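> quick one, what's the 3D model for this:
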Amino acid sequence: MKKVDLVFRTVGERTTDIALELAKKHIRPDRIHLLQDVKPFTETVRRQLQIDYDCDYVVFMDADCLVMEEMRDFIERTDLPYIDCYVYDKFRGKLHTGIHITRVDLVREMARVEPPQSDMKYVLRPESRVRAIALKRLKMSKAFKHFRIYHDYHQSFADIFSKYALRELRSRTAQNRSKLDAKMEHWNEADPDHRVAREATEFTHAHVSQGATPEQVHDFIVRIPEFAAAQTRALGLHEKAPLTWDEVMATTSQEEQDAGIRKIFGIGLSRTGTKSLTKALNSIGYTISHYPTDETTYEELAASHYKLRLLEYFDGITDITVAPYYAQLDQLFPQSKFILTVRDKDLWLEAMERHWNEKPVLATDFSLESRMALRRLLRLANYGTFTFEKERMSFAYDHHVRGVLEYFKDRPQDLLIMDVTAGEGWEKLCPFLGRQPLEVEFPHNKKKSDLDE
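Sure, this is the predicted structure:
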């Protein structure tokens, strides 16, 4: 049996008491460390890293998360250094936030990181920034896991304001802002939670200039609780009564209500612009996973189970995780949309040779074995080989494109062919999905980390 500590962080959220009870039930921690009303979050992070942990894993958890599913069994099985948990978020759909399962050696390395000075990433996301530095030092990477967790449901108005004041500050790039705007388009103005969140973003936009320094942003963050109290009063809202178990147990997310509706699958091969496509889809309001490498997805694909659990949480998947299975996915998810990204084949072959030379199929670190196993499975499914061989890869590219075109030949409304590398973008993608083009440049990602929050 592993020893598991829980760090439970609360600033008085309306969900605090019930969230802690649910965490005790579904995480079953050996020890609980409470961090109560510690502000700002930089101080929370500093204090949690000063704790003398005697355990195998630490689960860092915010009180705005309601854990509705067993988690301890997964922790007992895993050896991964860091797992970011996906949640159902009331305001932004499916995303990873709020609960972080962290192996203790990584926690100790995080404690050795000196907080960066005048660093906007650290000011806005101190825990994420410190963890990213520690992961890089240890040559480790993050993984993702999907549990039934509700995030930011049933919060007080003041806490919603505080969160979305901070969210506006975290959305000050064209792509991040477009993602937030896309989600806000679907907010219900009759829902007072959504009204408060919108007021918070507008207030922050008006009171913190785009050119604010990290120090100025930090000073504003410190005052957010003061602004939240004043602005919610100005909206004429009275705070909510204490949360009840009946409210929590009746919760369902919009994503759960929409389960089974059409999905979007990017079925282009590697190095055909699938990362750019993923970011573009996320920017116009979808929640898409690019090349997932989690253990559950590997086990499902290896067992020919294509109704992936991942698709309970995401609107779709891109890259070679789904590329060879388009026919099966089409049957399992009727009325879905498929996007085939293509590229000049000679340039694709050059890119693939470089790409595969950098990507081994055997793990030297045991914790990465499930990822390597999935890589081997997908290379065989898509290309029929573990190693780059030009003639075989050329055949695999032609075979895949020809097969997709033949399969959808009588259904042009369900298939879009895009050459992102040649400059095709919003003008093709948005009409296909019935969306308005964005007034920002179409994304051209080169790093998978660009897809993370």
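> strands of this structure, residue ranges please.
According to DSSP state E, the chain carries its strands in the segments 4-10, 31-36, 57-62, 65-67, 82-89, 93-103, 143-151, 264-266, 288-290, 316-318, 337-341, 415-418.
> how about those strands in a markdown table, adding distance to residue 436 and mean neighbour count?
Quick note: C-beta positions are derived from backbone N, CA and C, even for glycine. Below are the strands of the chain laid out as a markdown table (distance: least, CB to CB, whole Å; neighbours: other CB atoms under 10 Å):
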| stretch | distance to residue 436 | mean neighbour count |
| --- | --- | --- |
| strand 4-10 | 39 | 22 |
| strand 31-36 | 43 | 15 |
| strand 57-62 | 34 | 25 |
| strand 65-67 | 33 | 26 |
| strand 82-89 | 23 | 24 |
| strand 93-103 | 19 | 22 |
| strand 143-151 | 28 | 21 |
| strand 264-266 | 17 | 26 |
| strand 288-290 | 18 | 24 |
| strand 316-318 | 19 | 26 |
| strand 337-341 | 17 | 23 |
| strand 415-418 | 16 | 20 |
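> between the ones you listed, which one is closest to residue 324.
For those, proximity to residue 324 was assessed by CB to CB; strand 264-266 is nearest, at 11.3 Å.
> for the closest one, name the packing helices and strands.
helix 274-283, strand 288-290, strand 316-318, strand 337-341 (3 or more CB pairs under 8 Å, 6 or more residues apart in numbering; DSSP states H and E).
> could you check the angle helix 274-283 makes with the last one?
Computed by axes from the mean of the first three to the mean of the last three CA atoms, to 10 degrees, the angle separating strand 337-341 from helix 274-283 equals 140 degrees.
> contact partners for residue 143?
The contact partners of residue 143, by CB atoms under 8 Å, 6 or more residues apart in numbering, come to 80, 82, 83, 84, 293, 294, 295, 371.
> quick revisit: in a markdown table: the strands of the chain, plus distance to residue 203 and mean pLDDT.
Formatted as a markdown table, the strands of the chain follow (distance: least, CB to CB, whole Å; pLDDT from 0 to 100):
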| stretch | distance to residue 203 | mean pLDDT |
| --- | --- | --- |
| strand 4-10 | 24 | 98 |
| strand 31-36 | 27 | 98 |
| strand 57-62 | 23 | 98 |
| strand 65-67 | 25 | 97 |
| strand 82-89 | 21 | 91 |
| strand 93-103 | 22 | 89 |
| strand 143-151 | 22 | 89 |
| strand 264-266 | 34 | 97 |
| strand 288-290 | 31 | 92 |
| strand 316-318 | 34 | 95 |
| strand 337-341 | 37 | 98 |
| strand 415-418 | 39 | 98 |
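> and of those, who's closest to residue 244?
strand 65-67 (12.7 Å).
> buried stuff in stretch 378-398?
378, 379, 382, 383, 388, 393, 396, 397 (16 or more other CB atoms under 10 Å).
> output stretch 336-352 as CSV, restricted to C-alpha atoms.
Once non-C-alpha atoms are left out, stretch 336-352 reads as follows in CSV (Å, rounded to 0.1, in the frame of the first residue of the first chain):
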residue,chain,number,x,y,z
SER,A,336,-19.4,13.3,-36.3
LYS,A,337,-17.1,15.5,-38.4
PHE,A,338,-13.7,14.3,-39.7
ILE,A,339,-10.8,16.5,-40.7
LEU,A,340,-7.9,15.1,-42.8
THR,A,341,-4.8,17.2,-42.6
VAL,A,342,-2.5,16.7,-45.5
ARG,A,343,0.9,18.0,-46.7
ASP,A,344,3.3,17.9,-49.6
LYS,A,345,4.5,14.3,-49.3
ASP,A,346,8.2,14.9,-49.9
LEU,A,347,8.2,17.6,-47.1
TRP,A,348,6.2,15.2,-44.9
LEU,A,349,8.8,12.5,-45.3
GLU,A,350,11.6,14.8,-44.4
ALA,A,351,9.7,16.0,-41.3
MET,A,352,8.9,12.4,-40.3
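> from the chain's centroid, how far away is it?
Taking CA atoms, centre = their mean, to the nearest Å, one finds the center of stretch 336-352 at 25 Å from the center of the full chain.
> again, but for stretch 201-220
On CA atoms, centre = their mean, the centre of stretch 201-220 falls 25 Å from that of its chain.
> and stretch 375-382, by the same measure?
Taking CA atoms, centre = their mean, the mean C-alpha location of stretch 375-382 is offset from the chain mean by 24 Å.
> columns distance to residue 415 on top of the helices and strands packed on strand 264-266, output as a markdown table?
As requested, the helices and strands packed on strand 264-266 are arranged in a markdown table below (distance: least, CB to CB, whole Å):
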| stretch | distance to residue 415 |
| --- | --- |
| helix 274-283 | 14 |
| strand 288-290 | 17 |
| strand 316-318 | 14 |
| strand 337-341 | 5 |
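> any idea which of the ones you listed gets closest to residue 146?
In terms of CB to CB, the element of the helices and strands packed on strand 264-266 nearest to residue 146 is strand 288-290, at 9.8 Å.
> what about residue 346, how many residues nearby?
Residue 346 is flanked by 9 other residues according to other CB atoms under 10 Å.
> from residue 213, how far out is it?
48 Å (CB to CB, to the nearest Å).
> before we move on, what about residue 155?
For residue 155, the distance to residue 213 - CB to CB - is 30 Å.
> who has more neighbours out of those two?
residue 155 (24 against 12).
> what ranges do the helices span in the stretch 251-400 of the chain?
Ranges of helices within the stretch 251-400 of the chain are 254-257, 274-283, 295-302, 326-332, 345-357, 369-383, 390-407, based on DSSP state H, counting those that start in this stretch.
> got the domain ranges for this structure?
Domain ranges of the chain: 4-151, 157-234, 260-451, per automatic domain parsing.
> and residue 321, how far is that from residue 311?
For residue 321, the distance to residue 311 - CB to CB - is 11 Å.
> who has more neighbours, the two?
Neighbour totals were compared for residue 321 and residue 311, and residue 321 leads with 27 against 23 (other CB under 10 Å).
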